[in-house]
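>>> Fold the following.
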Amino acid sequence: MGSGNRLLMRIARKLTIETGSLLWLSLLPLALGFPAHLQPQQPPFVQAPGTESPVIPQLLSAGSISGTVMDETGAVILGARVTLTRAGQSAPQQMLSGDYGQFSFANLLPGTFQIRITASGFAARTFTGILHSGQFYIVPCALAPETLRTEVVVTVRQEEVAEEQIKAQEKQRVLAVIPNFYVSYVPNAAPLTSKQKFRLAWKTMIDPVTFALTGATAGVQQAQNDFSAYGQGAQGYAKRFAASYADNVAGTFIGSAILPSLLKQDPRYFYKGTGSTGSRILYAISSSVICRGDNLRRQPNYSAILGSMASGGISYLYYPAQDRGAGRVFGNVLFSLGEASVVNLFQEFVIRKFTKNVPKQNPSDP
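Modelled structure (predicted):
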(Lines give C-alpha, C1' and ligand atoms only; values in the text may rest on other atoms or scores of the structure.)
Protein backbone atom coordinates (compact mmCIF):
# COMPACT_ATOMS: atom_id res chain seq x y z
CA MET A 1 0.00 0.00 0.00
CA GLY A 2 1.40 3.37 -0.91
CA SER A 3 2.19 6.11 1.56
CA GLY A 4 -0.57 8.29 0.07
CA ASN A 5 -3.19 5.67 0.79
CA ARG A 6 -2.03 5.23 4.37
CA LEU A 7 -2.24 8.97 4.95
CA LEU A 8 -5.81 9.04 3.70
CA MET A 9 -6.81 6.17 6.01
CA ARG A 10 -5.38 7.99 9.08
CA ILE A 11 -7.35 11.13 8.23
CA ALA A 12 -10.58 9.10 7.81
CA ARG A 13 -10.12 7.35 11.19
CA LYS A 14 -9.50 10.64 12.92
CA LEU A 15 -12.64 12.19 11.42
CA THR A 16 -14.72 9.18 12.42
CA ILE A 17 -13.52 9.35 16.02
CA GLU A 18 -14.09 13.11 16.24
CA THR A 19 -17.53 12.88 14.62
CA GLY A 20 -18.60 10.12 16.99
CA SER A 21 -17.43 12.18 19.96
CA LEU A 22 -19.53 15.12 18.84
CA LEU A 23 -22.63 12.88 18.51
CA TRP A 24 -22.18 11.47 22.00
CA LEU A 25 -21.63 14.95 23.39
CA SER A 26 -24.93 16.11 21.89
CA LEU A 27 -26.80 13.17 23.50
CA LEU A 28 -25.06 13.54 26.87
CA PRO A 29 -27.53 16.13 28.34
CA LEU A 30 -30.46 13.83 27.63
CA ALA A 31 -28.74 10.92 29.27
CA LEU A 32 -27.87 12.94 32.38
CA GLY A 33 -31.48 14.28 32.71
CA PHE A 34 -30.75 17.96 32.17
CA PRO A 35 -33.81 20.28 32.57
CA ALA A 36 -35.95 20.62 29.47
CA HIS A 37 -35.38 24.36 29.17
CA LEU A 38 -31.66 23.76 28.88
CA GLN A 39 -32.10 21.18 26.16
CA PRO A 40 -32.19 22.19 22.50
CA GLN A 41 -35.69 23.06 21.40
CA GLN A 42 -37.38 22.60 18.03
CA PRO A 43 -39.61 25.45 16.85
CA PRO A 44 -43.31 24.49 17.48
CA PHE A 45 -45.71 23.86 14.58
CA VAL A 46 -48.22 26.70 14.41
CA GLN A 47 -51.81 25.62 13.57
CA ALA A 48 -54.70 27.88 12.67
CA PRO A 49 -57.30 28.21 15.47
CA GLY A 50 -60.30 25.90 15.09
CA THR A 51 -58.58 23.57 12.61
CA GLU A 52 -57.20 20.07 13.03
CA SER A 53 -54.80 20.32 10.16
CA PRO A 54 -52.57 23.05 8.72
CA VAL A 55 -54.43 25.64 6.71
CA ILE A 56 -53.93 25.09 3.02
CA PRO A 57 -55.19 28.19 1.21
CA GLN A 58 -57.44 27.46 -1.76
CA LEU A 59 -56.92 29.73 -4.68
CA LEU A 60 -60.17 30.87 -6.33
CA SER A 61 -60.06 32.10 -9.89
CA ALA A 62 -62.33 34.88 -11.07
CA GLY A 63 -64.91 34.02 -13.71
CA SER A 64 -67.23 35.88 -16.03
CA ILE A 65 -70.87 35.90 -17.12
CA SER A 66 -71.76 36.91 -20.65
CA GLY A 67 -74.38 36.46 -23.32
CA THR A 68 -76.11 37.90 -26.37
CA VAL A 69 -79.64 39.25 -26.07
CA MET A 70 -81.79 38.13 -29.01
CA ASP A 71 -85.45 37.75 -29.88
CA GLU A 72 -87.13 34.49 -30.81
CA THR A 73 -86.10 34.89 -34.48
CA GLY A 74 -82.42 35.26 -33.59
CA ALA A 75 -82.21 39.02 -34.21
CA VAL A 76 -80.02 40.81 -31.68
CA ILE A 77 -81.55 43.33 -29.28
CA LEU A 78 -79.45 46.33 -28.43
CA GLY A 79 -80.03 48.54 -25.42
CA ALA A 80 -81.57 45.76 -23.31
CA ARG A 81 -81.05 46.30 -19.59
CA VAL A 82 -79.14 43.44 -17.98
CA THR A 83 -79.08 43.29 -14.18
CA LEU A 84 -76.74 40.96 -12.29
CA THR A 85 -77.49 40.12 -8.67
CA ARG A 86 -75.08 37.95 -6.71
CA ALA A 87 -75.41 36.26 -3.34
CA GLY A 88 -73.75 38.29 -0.63
CA GLN A 89 -73.59 41.44 -2.75
CA SER A 90 -75.80 44.28 -1.58
CA ALA A 91 -75.96 46.31 -4.81
CA PRO A 92 -76.69 44.66 -8.19
CA GLN A 93 -74.63 45.43 -11.31
CA GLN A 94 -76.30 46.73 -14.47
CA MET A 95 -75.37 47.31 -18.07
CA LEU A 96 -77.03 47.73 -21.47
CA SER A 97 -76.52 45.23 -24.25
CA GLY A 98 -74.21 46.50 -27.01
CA ASP A 99 -74.72 47.01 -30.73
CA TYR A 100 -74.64 43.26 -31.30
CA GLY A 101 -76.75 42.48 -28.26
CA GLN A 102 -73.73 41.44 -26.24
CA PHE A 103 -73.03 41.95 -22.53
CA SER A 104 -70.34 40.69 -20.17
CA PHE A 105 -69.61 40.87 -16.45
CA ALA A 106 -65.95 40.07 -15.74
CA ASN A 107 -63.80 39.42 -12.66
CA LEU A 108 -66.58 37.72 -10.71
CA LEU A 109 -65.98 35.51 -7.70
CA PRO A 110 -67.69 32.09 -7.72
CA GLY A 111 -71.19 31.81 -6.27
CA THR A 112 -74.91 31.94 -6.97
CA PHE A 113 -76.13 34.67 -9.29
CA GLN A 114 -79.28 35.90 -10.99
CA ILE A 115 -79.53 37.67 -14.35
CA ARG A 116 -82.64 39.67 -15.24
CA ILE A 117 -83.05 41.05 -18.77
CA THR A 118 -85.65 43.65 -19.72
CA ALA A 119 -86.24 45.33 -23.06
CA SER A 120 -89.01 47.49 -24.43
CA GLY A 121 -91.64 45.40 -26.22
CA PHE A 122 -90.38 42.12 -24.75
CA ALA A 123 -91.33 40.11 -21.70
CA ALA A 124 -88.68 40.23 -18.98
CA ARG A 125 -86.68 37.06 -18.36
CA THR A 126 -84.77 35.92 -15.30
CA PHE A 127 -81.98 33.34 -15.18
CA THR A 128 -80.43 31.82 -12.08
CA GLY A 129 -77.20 29.86 -11.97
CA ILE A 130 -74.00 29.07 -10.12
CA LEU A 131 -70.67 30.46 -11.29
CA HIS A 132 -67.75 28.15 -10.52
CA SER A 133 -64.10 29.09 -10.08
CA GLY A 134 -62.60 30.30 -13.33
CA GLN A 135 -65.77 29.55 -15.31
CA PHE A 136 -66.92 31.51 -18.36
CA TYR A 137 -70.70 31.28 -17.99
CA ILE A 138 -72.81 31.99 -21.08
CA VAL A 139 -76.44 32.89 -20.37
CA PRO A 140 -79.21 31.98 -22.88
CA CYS A 141 -80.92 35.28 -23.65
CA ALA A 142 -83.83 34.77 -26.08
CA LEU A 143 -86.68 37.17 -25.21
CA ALA A 144 -90.29 36.60 -26.16
CA PRO A 145 -92.50 39.49 -27.33
CA GLU A 146 -94.54 41.08 -24.58
CA THR A 147 -98.19 40.05 -24.75
CA LEU A 148 -101.14 42.05 -23.56
CA ARG A 149 -102.39 40.57 -20.32
CA THR A 150 -105.88 41.00 -19.03
CA GLU A 151 -106.01 40.63 -15.28
CA VAL A 152 -109.27 39.17 -14.09
CA VAL A 153 -110.02 39.69 -10.42
CA VAL A 154 -112.70 37.35 -9.15
CA THR A 155 -114.41 38.57 -6.01
CA VAL A 156 -117.12 36.83 -4.08
CA ARG A 157 -119.84 38.96 -2.58
CA GLN A 158 -120.48 38.67 1.14
CA GLU A 159 -124.05 37.67 0.36
CA GLU A 160 -122.80 34.64 -1.56
CA VAL A 161 -120.44 33.67 1.25
CA ALA A 162 -123.25 34.01 3.78
CA GLU A 163 -125.51 31.90 1.56
CA GLU A 164 -123.06 29.03 1.59
CA GLN A 165 -122.64 29.32 5.34
CA ILE A 166 -126.43 29.29 5.88
CA LYS A 167 -126.73 26.13 3.80
CA ALA A 168 -124.20 24.51 6.11
CA GLN A 169 -126.06 25.78 9.19
CA GLU A 170 -129.36 24.33 7.94
CA LYS A 171 -127.75 20.88 8.06
CA GLN A 172 -126.80 21.24 11.73
CA ARG A 173 -129.04 19.06 13.88
CA VAL A 174 -128.56 17.87 17.44
CA LEU A 175 -128.55 14.07 17.49
CA ALA A 176 -129.28 14.36 13.76
CA VAL A 177 -132.88 15.41 14.62
CA ILE A 178 -133.31 18.72 16.50
CA PRO A 179 -132.54 21.80 14.34
CA ASN A 180 -129.55 23.87 15.44
CA PHE A 181 -129.77 26.55 12.74
CA TYR A 182 -129.02 29.64 14.83
CA VAL A 183 -125.47 28.70 15.83
CA SER A 184 -122.44 29.59 13.73
CA TYR A 185 -119.30 27.53 14.23
CA VAL A 186 -117.47 29.84 11.83
CA PRO A 187 -115.99 32.65 13.98
CA ASN A 188 -115.64 35.13 11.11
CA ALA A 189 -118.93 34.27 9.39
CA ALA A 190 -120.24 36.78 6.85
CA PRO A 191 -123.16 38.95 8.04
CA LEU A 192 -126.64 37.93 6.88
CA THR A 193 -128.83 39.98 4.59
CA SER A 194 -132.40 40.75 5.61
CA LYS A 195 -133.65 38.14 3.17
CA GLN A 196 -131.39 35.52 4.73
CA LYS A 197 -132.54 36.42 8.25
CA PHE A 198 -136.18 35.94 7.28
CA ARG A 199 -135.35 32.73 5.46
CA LEU A 200 -133.63 31.29 8.53
CA ALA A 201 -136.63 32.20 10.70
CA TRP A 202 -139.05 30.64 8.22
CA LYS A 203 -136.93 27.50 7.94
CA THR A 204 -137.01 27.13 11.72
CA MET A 205 -140.76 27.62 12.10
CA ILE A 206 -141.80 25.11 9.43
CA ASP A 207 -139.41 22.40 10.59
CA PRO A 208 -141.30 19.26 11.70
CA VAL A 209 -139.36 19.18 14.96
CA THR A 210 -140.68 22.66 15.80
CA PHE A 211 -144.27 21.40 15.47
CA ALA A 212 -143.44 18.32 17.54
CA LEU A 213 -141.88 20.37 20.37
CA THR A 214 -144.80 22.81 20.30
CA GLY A 215 -147.21 19.89 20.60
CA ALA A 216 -145.25 18.51 23.55
CA THR A 217 -145.35 21.92 25.25
CA ALA A 218 -149.12 22.17 24.74
CA GLY A 219 -149.55 18.67 26.18
CA VAL A 220 -147.61 19.59 29.33
CA GLN A 221 -149.65 22.78 29.72
CA GLN A 222 -152.89 20.86 29.41
CA ALA A 223 -151.75 18.23 31.90
CA GLN A 224 -150.93 21.00 34.40
CA ASN A 225 -154.14 22.85 33.44
CA ASP A 226 -152.19 26.00 32.56
CA PHE A 227 -154.38 28.69 31.01
CA SER A 228 -157.41 26.97 32.52
CA ALA A 229 -159.78 29.19 30.52
CA TYR A 230 -158.86 27.16 27.45
CA GLY A 231 -160.53 24.15 29.03
CA GLN A 232 -159.67 20.51 28.47
CA GLY A 233 -160.16 18.03 25.67
CA ALA A 234 -159.17 18.40 22.05
CA GLN A 235 -160.40 22.00 21.89
CA GLY A 236 -158.34 23.05 24.91
CA TYR A 237 -155.28 21.28 23.54
CA ALA A 238 -155.71 23.00 20.16
CA LYS A 239 -155.91 26.43 21.84
CA ARG A 240 -152.78 25.76 23.87
CA PHE A 241 -150.97 24.45 20.81
CA ALA A 242 -151.94 27.54 18.79
CA ALA A 243 -150.89 29.92 21.58
CA SER A 244 -147.55 28.20 22.06
CA TYR A 245 -146.87 28.16 18.33
CA ALA A 246 -147.87 31.83 18.05
CA ASP A 247 -145.37 32.66 20.80
CA ASN A 248 -142.63 30.89 18.84
CA VAL A 249 -143.56 32.59 15.57
CA ALA A 250 -143.71 36.06 17.12
CA GLY A 251 -140.51 35.63 19.08
CA THR A 252 -138.59 34.14 16.15
CA PHE A 253 -139.69 36.52 13.43
CA ILE A 254 -139.61 39.71 15.53
CA GLY A 255 -136.45 38.93 17.53
CA SER A 256 -134.50 37.06 14.84
CA ALA A 257 -135.65 38.62 11.54
CA ILE A 258 -137.56 41.91 11.71
CA LEU A 259 -135.61 43.76 14.39
CA PRO A 260 -132.19 42.34 13.36
CA SER A 261 -132.89 43.58 9.82
CA LEU A 262 -133.87 47.04 11.03
CA LEU A 263 -131.10 47.32 13.63
CA LYS A 264 -128.50 45.48 11.51
CA GLN A 265 -127.75 42.86 14.11
CA ASP A 266 -126.92 39.16 13.72
CA PRO A 267 -129.41 36.85 15.50
CA ARG A 268 -127.02 33.88 15.66
CA TYR A 269 -124.90 32.60 18.54
CA PHE A 270 -121.22 32.45 17.55
CA TYR A 271 -119.50 29.48 19.13
CA LYS A 272 -116.31 30.51 20.96
CA GLY A 273 -114.72 27.17 21.78
CA THR A 274 -111.36 28.61 22.91
CA GLY A 275 -110.00 30.24 26.03
CA SER A 276 -110.43 29.38 29.67
CA THR A 277 -113.63 27.82 31.00
CA GLY A 278 -114.45 31.01 32.91
CA SER A 279 -114.10 33.20 29.83
CA ARG A 280 -116.31 30.89 27.81
CA ILE A 281 -118.98 30.86 30.52
CA LEU A 282 -118.94 34.66 30.69
CA TYR A 283 -119.11 34.87 26.89
CA ALA A 284 -122.07 32.47 26.68
CA ILE A 285 -124.12 34.25 29.35
CA SER A 286 -123.35 37.74 28.04
CA SER A 287 -124.35 36.72 24.51
CA SER A 288 -128.00 36.80 25.60
CA VAL A 289 -127.74 40.59 25.98
CA ILE A 290 -124.76 41.30 23.70
CA CYS A 291 -124.78 40.31 20.05
CA ARG A 292 -122.67 40.81 16.95
CA GLY A 293 -123.71 43.57 14.60
CA ASP A 294 -123.61 43.32 10.83
CA ASN A 295 -120.47 45.48 11.12
CA LEU A 296 -118.88 42.51 13.01
CA ARG A 297 -118.69 44.48 16.26
CA ARG A 298 -120.22 43.48 19.59
CA GLN A 299 -123.17 45.60 20.71
CA PRO A 300 -126.23 45.46 23.01
CA ASN A 301 -128.72 42.85 21.83
CA TYR A 302 -131.65 45.20 21.33
CA SER A 303 -133.26 42.74 18.92
CA ALA A 304 -133.63 39.99 21.51
CA ILE A 305 -134.76 42.29 24.33
CA LEU A 306 -137.28 44.27 22.28
CA GLY A 307 -138.37 41.10 20.49
CA SER A 308 -139.27 39.45 23.81
CA MET A 309 -141.28 42.50 24.85
CA ALA A 310 -143.06 42.63 21.49
CA SER A 311 -143.98 38.96 21.50
CA GLY A 312 -145.25 39.31 25.08
CA GLY A 313 -147.44 42.23 24.03
CA ILE A 314 -148.82 40.32 21.04
CA SER A 315 -149.78 37.44 23.33
CA TYR A 316 -152.52 39.74 24.72
CA LEU A 317 -154.48 38.90 21.58
CA TYR A 318 -154.87 35.19 22.29
CA TYR A 319 -154.20 34.45 25.96
CA PRO A 320 -157.11 34.44 28.43
CA ALA A 321 -157.82 37.75 30.17
CA GLN A 322 -156.76 36.44 33.59
CA ASP A 323 -153.36 35.47 32.18
CA ARG A 324 -152.55 38.87 30.73
CA GLY A 325 -150.85 41.88 32.29
CA ALA A 326 -147.65 43.87 32.40
CA GLY A 327 -146.12 41.25 34.63
CA ARG A 328 -146.50 38.71 31.87
CA VAL A 329 -144.77 40.98 29.36
CA PHE A 330 -141.74 41.69 31.53
CA GLY A 331 -141.76 38.15 32.84
CA ASN A 332 -141.56 36.99 29.25
CA VAL A 333 -138.52 39.22 28.71
CA LEU A 334 -136.71 37.89 31.79
CA PHE A 335 -137.64 34.33 30.96
CA SER A 336 -136.43 34.70 27.37
CA LEU A 337 -133.08 36.20 28.43
CA GLY A 338 -132.58 33.54 31.11
CA GLU A 339 -133.52 30.81 28.67
CA ALA A 340 -131.07 32.20 26.10
CA SER A 341 -128.24 32.21 28.68
CA VAL A 342 -128.86 28.56 29.57
CA VAL A 343 -129.11 27.52 25.94
CA ASN A 344 -125.89 29.41 25.13
CA LEU A 345 -124.05 27.57 27.91
CA PHE A 346 -125.21 24.26 26.49
CA GLN A 347 -124.19 25.43 23.02
CA GLU A 348 -120.71 26.33 24.23
CA PHE A 349 -119.97 23.18 26.24
CA VAL A 350 -122.35 20.38 25.27
CA ILE A 351 -124.45 20.66 22.14
CA ARG A 352 -121.58 20.92 19.67
CA LYS A 353 -120.50 17.38 20.54
CA PHE A 354 -123.91 16.04 19.52
CA THR A 355 -124.45 18.21 16.45
CA LYS A 356 -124.02 16.64 13.03
CA ASN A 357 -122.44 18.38 10.02
CA VAL A 358 -120.44 20.92 12.02
CA PRO A 359 -117.79 22.62 9.83
CA LYS A 360 -114.25 22.22 11.14
CA GLN A 361 -112.36 25.53 11.23
CA ASN A 362 -109.37 24.67 13.41
CA PRO A 363 -107.02 21.66 13.42
CA SER A 364 -107.83 21.18 17.11
CA ASP A 365 -111.54 20.80 16.45
CA PRO A 366 -112.77 17.31 17.43
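>>> need the strands for the stretch 101-250 of the chain, in chain order.
Listed in chain order, the strands of the stretch 101-250 of the chain (DSSP state E, counting those that start in this stretch) span residues 102-108, 111-118, 125-131, 136-139, 142-143, 173-174, 178-179, 183-184.
>>> remind me which residues of the stretch 151-300 of the chain are low pLDDT?
When the per-residue scores of the stretch 151-300 of the chain are filtered using pLDDT under 70, the ranges that remain are 151-155.
>>> quick one, helices of the stretch 101-250 of the chain?
Per DSSP state H, counting those that start in this stretch, the stretch 101-250 of the chain carries helices over the ranges 158-169, 194-205, 208-223, 233-253.
>>> Let's have the ones you listed in TSV, adding distance to Tyr269 and mean neighbour count.
For the C-beta atoms, the positions are set from N, CA and C on the backbone; glycine is no exception. Formatted as TSV, these follow (distance: least, Cβ to Cβ, whole Å; neighbours: other Cβ atoms under 10 Å):
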stretch	distance to Tyr269	mean neighbour count
helix 158-169	11	15
helix 194-205	13	18
helix 208-223	18	15
helix 233-253	14	17
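>>> Ser315: which of those helices is closest?
For those, the distance to Ser315 is smallest for helix 233-253, at 6.3 Å, taking Cβ to Cβ.
>>> Could you list every helix and strand that that closest one packs against?
With contacts taken as 3 or more Cβ pairs under 8 Å, 6 or more residues apart in numbering; DSSP states H and E, helix 233-253 sits against helix 194-205, helix 208-223, helix 302-314.
>>> And the helix or strand just after it, what does it pack against?
Per DSSP states H and E, helix 233-253 leads on to helix 259-263 as the next helix or strand towards the C-terminus. Taking 3+ Cβ pairs under 8 Å, 6+ apart as contact, the helices and strands that helix 259-263 lies on are helix 194-205, helix 302-314.
>>> per-domain residue ranges of this protein.
The chain breaks down by automatic domain parsing into domains covering 63-143, 158-356.
>>> Return the most buried member of the ones you listed.
domain 158-356 (a mean of 17; mean count of other Cβ atoms under 10 Å).
>>> Can you get me the start-to-end distance on it?
End-to-end distance for domain 158-356: 25 Å, by Cα to Cα, to the nearest Å.
>>> any chance of the helices and strands packed on helix 259-263 in CSV, plus distance to Arg324?
Converted to CSV, the helices and strands packed on helix 259-263 look like this (distance: least, Cβ to Cβ, whole Å):
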stretch, distance to Arg324
helix 194-205, 24
helix 302-314, 10
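>>> for these, which one sits closest to Ala326?
Distances from Ala326 to each of these were compared using Cβ to Cβ; the shortest belongs to helix 302-314, at 9.2 Å.
>>> And the closest one, how far out from the chain middle?
Here the centre of helix 302-314 is set off from its chain's centre by 41 Å, with Cα atoms, centre = their mean, to the nearest Å.
>>> Then stretch 162-169?
Mean C-alpha position of stretch 162-169 versus that of the full chain (Cα atoms, centre = their mean) differs by 23 Å.
>>> Can you give the contact residues for that stretch?
Counting contacts by Cβ atoms under 8 Å, 6 or more residues apart in numbering, the residues outside stretch 162-169 that touch it are 180-184, 186, 189-193, 196, 199-200, 268, 357, 359.
>>> Let me see the contact set for Leu143.
Leu143 makes contacts with Val69, Met70, Asp71, Glu72, Ile77, Ala80, Ile117, Ala119, Phe122, Ala123, Arg125, as judged by Cβ under 8 Å, 6+ apart.
>>> Quick check: of these, which lies closest to Phe346?
Once Cβ to Cβ is applied, the member of these that ends up nearest Phe346 is Ala123, at 61.1 Å.
>>> I appreciate the help and will end here.
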